[in-house]
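*Asks:* sequence below, structure please.
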Amino acid sequence: MLSLLSAHRGPAAVAMRTLCSHSAARQADAIYWNDKHDSNESRFEKILIANRGEIACRVINSCKRLGIKSVAVHSEIDASSKFVQLADEAVCIGPAPTSKSYLNMEAILQAVKQTGAQAVHPGYGFLSENTVFAKRLEDLDVVFLGPNSKAIRAMGDKIESKRIANKAKVNCIPGFDGEVKDADEAVKIANEIGYPVMIKASAGGGGKGMRIAWNDKQAREGYRLSQEEAKSSFGDDRMLIEKFIDKPRHIEVQVLCDRHGNALYLNERECSIQRRNQKVIEEAPSVYIDPDTRKAMGAQATALAKAVGYDSAGTVEFLVDSKKNFYFLEMNTRLQVEHPITECITGVDIVHQMIRVGKGHPLLLTQKDIGVKGWAVECRVYAEDPYKAFGLPSIGRLTTYSEPTALENVRCDSGIQEGSEISIYYDPMICKLVTYGKDRQSALNTMVNALDNYVIRGVTHNIPLLRDIVTENRFVSGNITTNYLPEVYPDGFRGKQFSDRDRLNIAAVSAVVFAKNDLRNKTYLKKDRSNIVAGEAKKSFDWDIVASLDGKDLLCRVSYKEGGFTVAFEGSETLQIKDNFSLANKVIPAVINGDSVCMQMMSRSFDERVTLQYMGTKCTTIVRTARAYDLSKFMPVRSDKDTSTTIKAPMPGLVKSIGVTVGQTVAEGQEICVLEAMKMQNSLSCAIAGKVKAVHFKAGETVNEEDGSNQSLLVAAAAVASAGLAAILNEMQAMRGEMRANRADLAAILDEVRADRAENRADLAAILDEVRADRAENRADLAAILNEMRAMRGEILDRIDMVAQEAQSRPRCMMPCRGCGSSSGGPAEGQVQMSAGGITTVSEFSDGGGQRRRRRGQRRRKRRFGLGADAANVLSRCHRSALFDARCAFRRRSFCISCCRIT
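*Replies:* Residues are numbered from 1 along each chain as shown. Predicted coordinates for the structure are as follows:
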């Protein structure tokens, strides 16, 4: 059922259309400087785009620039996609699978009738090269914005196109001029041509339905897989075989024709960087093609186009050998994915010219108007894992997304935005990132900067591979072929191989991130941030840090002072890092020793892991304080799980077939199942021989990428190699016998240990008894000593009582002083009271002396009598008392009250 959405779908969609149209207009003014047309010529009023994603956005932007209304058709899963929001109208044409939506011809034709669209632009892929679709549009009096159905039929059939090319005197690759019926005939023809051969679908393109075979086995398997892909992608499983040119360059020529017999070529594009026959990086022009070769290739391309009555934009693809001989490969009768780089060097809006030609206008451009201005490079940014076969699809939601469009000379053709979903149903392309400049090196330098500033989170992407390629020496020199990836990365892509200086930069920035986080943790809440910053700037902080990266532990001291960080590595150099970024920045424009270094903050985890993206490659550094590093040595290390006995889906996809059953014995390398992902057939085989234990999926079911759950487990092979496992089992049984034989020895040793333990217990018990006896004796001695001390205390108290009583009963001494001759009387009689703690004397003083005189007298008496602290205190309290008189008499001496002397 079709559902038509209103042209006014809310403020969000209007804002999106306005923002994107303004951005596209500004970019168009800079790029399309050579787009000749008559401003008064007639135009379509409404165009329907029978496609999705970035190419739909690309066509819609041109329509907006020309003032033409656009209609988007979409599947249910694409209802909130960017291209739907950009279009003036949108129609849902079915559920997610392409066969029920974007390949659903009836639903699209119904949408054309429903919206009143005057023309349909098919983009690329899907129905773009379907002659039936083009013919049915013609029957509805709706213009198909592409070549006529006759040209599509002639060039879409690779067998027929080779025959036409030969008649047009276009160089062709040697091969079998006909349809290959089955795998046996494929092997026979391959041997006649001579290996290697290219097995490919007669219909379609885009690298689908193509395999290279180097022997009979690969020819059979390649024929079967390519045929299945072709049937799934194009609905046509006819196959052909031709000679595979070893170490070729893939160079294509953009042609533009109208219905008035005009045909011109818009120079060439270099498309040699490929994986699985799908392009990864393109550039225009080619560094390999000289002007004479360019002219010759362009002449043959336009001759072929005229031979079939071509009347739109198309691409003629060639293979070029080491001697610059070029051979016709195929013609794509549609708008090519990589057309933006041609637009950048020619200034021509190819989509606009397609619309003009569809309306019946002649080309106003001539071949003399087409030159080569500057250089352009395109990187296809995919949601793929580049570490798996140079890119296996990945799915997920874009949690964070930021294109580097703020940079000069950067163009991003994308159909997604932050929050978009990358699903298993469609091509995983995120964006066509294009950079251009006055020469090749300028374009490459801009590309490096753009890739470093491209922020993508939520899905795995191939930027690490792209970033490494555009800086690799062989690519920069222009020495490339279609075998570039397997030759430069024979063991597969493993990420950027960092130098020692690169590792120091990564470790230094990671340490600074750690320090900045620590500084932030010291910031108090509810305080003026400007005051905090101003106050902290006057302070200096130091951290002793160990940064662990690539198995190496780098000890460094990080110092912060006056807005910058100093990172001093032990036994190495010292780096000065400017404090010009915050922890919230996704892109870190670090300045290290005055040099600009661009990194991305991927994540900071609670376990001290700092993940940065540097030169496109993610690297995780474990940053710890020196103390934490010392303690980490005692942490256990988790061992890796053995996965050799299981087969997991390397990517999300659809299980096309399973070739084994439970209990079946399989050989090493045997195909277990075929997984279809993004319209590509992928054969999965077992790594070891063994017996199948379990199969968790059936043909036709979808699987997720390996995530450790049973949903990703395709086949659990007890594929524990039959012969190998038997040998291992025998060894284990032998070891078990040895262990049993050693069990008696272990029991004897255990008995000895137990006997020694019993003897040790007896010795310890004896020692404990001796300690207890000594403790009892010591207690008795201590009790005796305590009793003696108590007795002595009693005697002392008795002696004090006796002296006190005697002093109280003795008359006061009134003898004259021997020193001063004074015979003055003493003070009023005092009282001496006895208590259990000693003598307590309560005296009343008759003289009126102050506190200071009494303290002075007390100190003087203490010195003269040589008394202790307690005695001096008693003497002070017994001043002029009977007790003091008693003491004087006891010592046979006299005390003079006037001069305070004892005589």
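
*Asks:* which stretches of this structure have low pLDDT?
*Replies:* Low-confidence segments of the chain, defined by pLDDT under 70, are located at 1-29, 177, 204-207, 234, 524-540, 678-679, 705-730, 807-808, 810-903.

*Asks:* centre-most residue in it?
*Replies:* Among the residues of the chain, the smallest C-alpha distance to the mean C-alpha position (C-alpha atoms, centre = their mean) belongs to M602, namely 5.1 Å.

*Asks:* wait, a strand at it?
*Replies:* Yes. The assignment for M602, made by DSSP: H, G, I helix; E, B strand; the rest coil, places it in a strand.

*Asks:* so what's it up against?
*Replies:* Shown in contact with M602 (C-beta atoms under 8 Å, 6 or more residues apart in numbering): 457, 611-613, 618. Where C-beta positions appear, they are placed from N, C-alpha and C, glycine not excepted.

*Asks:* who wins on neighbours among those?
*Replies:* Among the contacts of M602, the one with the most neighbours (other C-beta atoms under 10 Å) is Q613, at 25 neighbours.

*Asks:* leaving out the residues flanking it, which one is nearest to that one?
*Replies:* In space, and not counting its chain neighbours, Q613 is closest to Q600: 3.9 Å by C-beta to C-beta, 6 or more residues apart in numbering.

*Asks:* picking up where we left off before, between the contacts of M602, which is nearest E777?
*Replies:* Ranked by distance to E777 (C-beta to C-beta), the contacts of M602 are led by T611 at 70.8 Å.

*Asks:* surely the closest one and T620 touch.
*Replies:* Yes. If you go by C-beta atoms under 8 Å, T611 and T620 touch, sitting 4.6 Å apart.

*Asks:* returning to what we had before: wait, isn't the residue nearest to Q613 in contact with I588?
*Replies:* Yes. Counting by C-beta under 8 Å, I588 is a contact partner of Q600 at 6.7 Å.

*Asks:* where do the strands sit along the stretch 451-600 of the chain?
*Replies:* 455-457, 541-549, 552-561, 564-569, 574-578, 587-592, 595-604 (DSSP state E, counting those that start in this stretch).

*Asks:* mutual contacts of Q600 and I588, please.
*Replies:* Taking C-beta under 8 Å, 6+ apart as the contact criterion, the common neighbours of Q600 and I588 are L612.

*Asks:* quickly run through the sheet partners of the helix or strand hosting H74, with directions.
*Replies:* Using DSSP states H and E, H74 sits within strand 69-75. Neighbouring strands of strand 69-75 in its sheet, by DSSP bridges, are strand 46-49 (parallel), strand 89-94 (parallel).

*Asks:* tell me the most buried of those?
*Replies:* Per residue and on average, the most neighbours among the strands paired with strand 69-75 fall to strand 46-49, with a mean of 25 (mean count of other C-beta atoms under 10 Å).

*Asks:* what is the nearest of the contacts of M602 to L631?
*Replies:* Comparing every one of the contacts of M602 with L631 (C-beta to C-beta), the shortest separation belongs to T611, at 22.5 Å.

*Asks:* you'd agree the closest one is in a helix?
*Replies:* No. For T611, which was evaluated using three-state DSSP, the result is strand, with no helix membership.

*Asks:* how far away is the residue nearest to it when sequence neighbours are not counted from D595?
*Replies:* When the adjacent residues along the chain are set aside, T611 lies closest to M602, with 4.0 Å between them (C-beta to C-beta, 6+ apart). Distance of M602 to D595, given as C-beta to C-beta, to the nearest Å: 22 Å.

*Asks:* swap in E106?
*Replies:* Using C-beta to C-beta, one obtains 61 Å as the distance from E106 to D595.

*Asks:* just C686 next, same as before
*Replies:* As judged by C-beta to C-beta, C686 and D595 stand 50 Å apart.

*Asks:* higher neighbour count, the two?
*Replies:* Neighbours around C686 and D595, counted as other C-beta under 10 Å, are more numerous at C686. The numbers are 23 against 8.

*Asks:* I'd say that one and Q670 touch.
*Replies:* Yes. Using C-beta under 8 Å as the test, C686 is close enough to Q670 to be in contact (5.8 Å).

*Asks:* list of residues touching stretch 91-106?
*Replies:* Contacts made with stretch 91-106 from outside it, assessed by C-beta under 8 Å, 6+ apart, are listed as 2-5, 50-52, 71-77, 79, 107-108, 111, 114-115, 126-127, 130, 132-133, 136, 423, 425-426, 679.

*Asks:* apart from its neighbours in sequence, what residue is nearest K162?
*Replies:* With C-beta to C-beta, 6+ apart, the residue lying closest to K162 is C172, at 5.6 Å.

*Asks:* and what of Y614?
*Replies:* When the adjacent residues along the chain are set aside, Y614 lies closest to M599, with 5.0 Å between them (C-beta to C-beta, 6+ apart).

*Asks:* cool, and G347?
*Replies:* Leaving aside its sequence neighbours, G347 sits nearest to N34 (C-beta to C-beta, 6+ apart; 3.0 Å).

*Asks:* show me what contacts the one you found?
*Replies:* 346-348, 365, 369.

*Asks:* give the buried subset of these as a PyMOL selection command.
*Replies:* Here is the PyMOL command that selects only those of these that count as buried (16 or more other C-beta atoms under 10 Å):
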select buried, resi 346+347+348+365
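
*Asks:* any idea how this structure splits into domains?
*Replies:* For the chain, the structural domains run 174-244, 248-488, 500-522+539-633, 646-719, 722-780, going by the TED database.

*Asks:* go through the ones you listed and name the closest to F44.
*Replies:* With C-beta to C-beta as the yardstick, what comes closest out of the domains of the chain is domain 248-488 (6.3 Å).

*Asks:* report the distance from that closest one to the chain centre.
*Replies:* Here the centre of domain 248-488 is set off from its chain's centre by 27 Å, with C-alpha atoms, centre = their mean, to the nearest Å.

*Asks:* from one end of it to the other, what's the distance?
*Replies:* Using C-alpha to C-alpha, to the nearest Å, the gap from the first to the last residue of domain 248-488 comes to 15 Å.

*Asks:* that older thread, tabulate the contacts of N34 in a markdown table, adding columns for secondary structure and distance to K698.
*Replies:* Shown next, in a markdown table, are the contacts of N34 (DSSP: H, G, I helix; E, B strand; the rest coil; distance: C-beta to C-beta, whole Å):
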| residue | secondary structure | distance to K698 |
| --- | --- | --- |
| T346 | helix | 52 |
| G347 | coil | 54 |
| V348 | coil | 51 |
| L365 | coil | 56 |
| D369 | helix | 59 |
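
*Asks:* dump the contacts of N34 into TSV; add distance to K552 as well.
*Replies:* Formatted as TSV, the entries for these read as follows, by distance: C-beta to C-beta, whole Å:
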residue	distance to K552
T346	50
G347	51
V348	53
L365	59
D369	58
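
*Asks:* for burial, what's the neighbour tally of the closest residue in space to D607 that isn't next to it in sequence?
*Replies:* When the adjacent residues along the chain are set aside, D607 lies closest to I622, with 7.9 Å between them (C-beta to C-beta, 6+ apart). Taking other C-beta under 10 Å as the neighbour definition, I622 ends up with a count of 18.
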